[in-house]
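Chemist: test case, fold it:
(one chain, ligands or ions: 3)
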Amino acid sequence: MVEERTPILVSEAIKRVMEFSIKGKSEYISLEESNGRYLAEDIKADHNIPPFDRSPLDGFAVRSKDTQNASSTNPVFLEVIETVGAGGVTQQKVTPGQAVRVMTGTIMPEECDAIVMFELTKEKKENGRTYIEIKRPFNSGDFVSFEGEETKKGDVLVKAGTRIHAGVIAVLATFGYKNVPVVKKPVIGVYATGTELLELDEPLEPGKIRNSNAYMIQAQVEQAGGEAKYYGQLVDDFDQCYQAIKNALGEVDVLITTGGVSVGDFDYLPQIYEKLGANVLFNKIAMRPGSVTTVAEKNGKLLFGLSGNPSASFVGFELYTRPWIKAYLYSETPYLEVVKGLLTKDFPKPNPFSRFIRSRMVFVDGRIAAEPIGMDKSQVVTSLAHSDVLVALPGGSRGYSSGDEVDILLLNREGSVNPFKDPTKLRSGEGR
Ligand SMILES: Nc1nc2c(c(=O)[nH]1)N[C@H]1C(S)=C(S)[C@@H](COP(=O)(O)OP(=O)(O)OC[C@H]3O[C@@H](n4cnc5c(N)ncnc54)[C@H](O)[C@@H]3O)O[C@H]1N2
Ligand code: MOO
Ligand SMILES: [Mg+2]
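Modeler: Residues are numbered from 1 along each chain as shown. Ligands and ions are numbered 1, 2, ... in the order given. Modelled structure (predicted):
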């Protein structure tokens, strides 16, 4: 007699996983190594930006008062007493009737309060001195870039839990972060189970296939910000699998296995959880692919039993493992972001379980739309190479048509504060 499993909603499964979320410890690494890591602390401005009043143009720093009566018929001539580039400081005091030639980024001379760009002036030389002609008045503050106009000392600029990218690195460098506080990556162990699995360099033989899940999942772990620790492949042998999983569990923050979670004769994960004394949070979810996705917990540590079928494994990771990793990294947006968009294909057959259709995001008449890749079975691997979104089609009694508005889950974005919400309630008796 095959064991009856009770399916739960996707949102319930996410909730049960996230009840075990923990926050990682922090460490310091060099700025150069920090790209893609997660900030462990808020980044606060310890000085104003700009740090001083400066010229945003190549031109002349003037005292606006001197230009008050300037016009095209009555130009004003100011003597240029110095040339100062960015990084330099004016050495002389600027007195009435004088100006300083400055470049973009030069600190304002103390007595000057306006900038006149080169293009609005004409130079003339007289008795070995240089003068500029100005034909209109300037007000105090004209074309000056003021201290603190961008950022004030004390402002929080980037929050803890933000993934560091080029723009964040620019901010960190601005504030002198030679070393950056980041969250230590969670170590995510990966084991692929299955006697049928071949190593990458082994030739095909009858009954065997190459192990794609292990590599796909390691890439997903890294993409989510974790550190993948690959333990290799296990043949479907209970004792070997049990020992290997038990040992690995002691060395990682989370352990992912693929395969062996369904009801087949050689699907040993359910018995392994039992022998480990692990508490199974769920072993059936009302979704396709990935209905057999199983998560167990042992002393607060999670074991993700992802399906052997590649697409089920992929979707199981994105919906359940990814948010756990993101939350460990202090992310405030650990969940896949969901947007409303148009479906571009018919799915006439009703399905009691919610389906997550591998798709590509496109734009139709300026609206977001999702184009299903095609092959959508759980065992399909090739469609994964072309998917950047998942379309969620809620389970129920009806099918879907091209042009319907649907939920689209974005795979390659940082995420959302809100977990995916199933639009339907599970009716009892819905099982397959
Ligand atoms: N009687 C039933 N049979 C099945 C059910 C069910 O409810 N009743 N559920 C089906 C569903 S849904 C799925 S999904 C699969 C899940 O199977 P397992 O998680 O137990 O995985 P395996 O049996 O080990 O393998 C399934 C499939 O995937 C291939 N595989 C396994 N590992 C890899 C890998 N690392 N790389 C690539 N492909 C892999 C494996 O060869 C099998 O073809 O169960 C259904 N059955
Ligand atoms: O877990 Mo399965 O992926 O629903 O085909
Ligand atoms: Mg199986």
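
Chemist: from here on, just use CA atoms for contacts and neighbour counts.
Modeler: Will do.

Chemist: per the annotation, how does this structure divide into domains?
Modeler: 10-18+185-321, 28-49+150-183, 59-134, 337-426 (automatic domain parsing).

Chemist: can you map out the helices along the protein?
Modeler: In the chain, the segments counted as helices under DSSP state H are 10-18, 166-174, 213-224, 238-249, 269-276, 310-316, 322-328.

Chemist: so which of the ones you listed gets nearest Gln379?
Modeler: helix 310-316 (5.7 Å; CA to CA).

Chemist: shaky segments in this protein?
Modeler: For the chain, the stretches with pLDDT under 70 are 1, 426-432.

Chemist: would you mind listing what in it touches ligand 3?
Modeler: Gly260, Ser262, Gly264 (CA under 5 Å from the ion).

Chemist: the first one: what's it in contact with?
Modeler: Right, Gly260. For Gly260, the contacting residues are Thr193, Gly194, Asp236, Phe266, Asp267, Tyr268, Leu269, Ser307, Gly308, by CA atoms under 8 Å, 6 or more residues apart in numbering.

Chemist: on that earlier part again, possible to save the domains of the chain as a markdown table with distance to Glu3?
Modeler: Output for the domains of the chain, formatted as a markdown table (distance: least, CA to CA, whole Å):
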| stretch | distance to Glu3 |
| --- | --- |
| domain 10-18+185-321 | 7 |
| domain 28-49+150-183 | 41 |
| domain 59-134 | 73 |
| domain 337-426 | 19 |
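
Chemist: so which of those comes closest to ligand 1?
Modeler: domain 10-18+185-321 (3.3 Å; CA to the nearest ligand atom).

Chemist: now do the same end-to-end measure for that closest one.
Modeler: Using CA to CA, to the nearest Å, the end-to-end distance of domain 10-18+185-321 comes to 13 Å.

Chemist: spell out which parts of the protein neighbour ligand 1.
Modeler: 192-194, 211-214, 258-263, 267, 290-292, 307-310, 312, 378 (CA under 6 Å from any ligand atom).

Chemist: derive a ChimeraX selection command for the buried subset of those.
Modeler: Those of the residues of the chain next to ligand 1 that count as buried under 16 or more other CA atoms under 10 Å are selected in ChimeraX with:
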select :192,193,194,211,212,213,214,258,259,260,261,262,267,290,291,292,307,308,309,310,312,378
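
Chemist: for this structure, longest strand please?
Modeler: The longest strand of the chain (DSSP state E) is strand 354-364.

Chemist: paired strands for that one, with orientation please.
Modeler: strand 287-288 (parallel), strand 367-372 (antiparallel), strand 389-393 (antiparallel) (DSSP bridges).

Chemist: buried ones in it?
Modeler: Per 16+ other CA under 10 Å, strand 354-364 contains these buried residues: Ser354, Arg355, Phe356, Ile357, Arg358, Ser359, Arg360, Met361.
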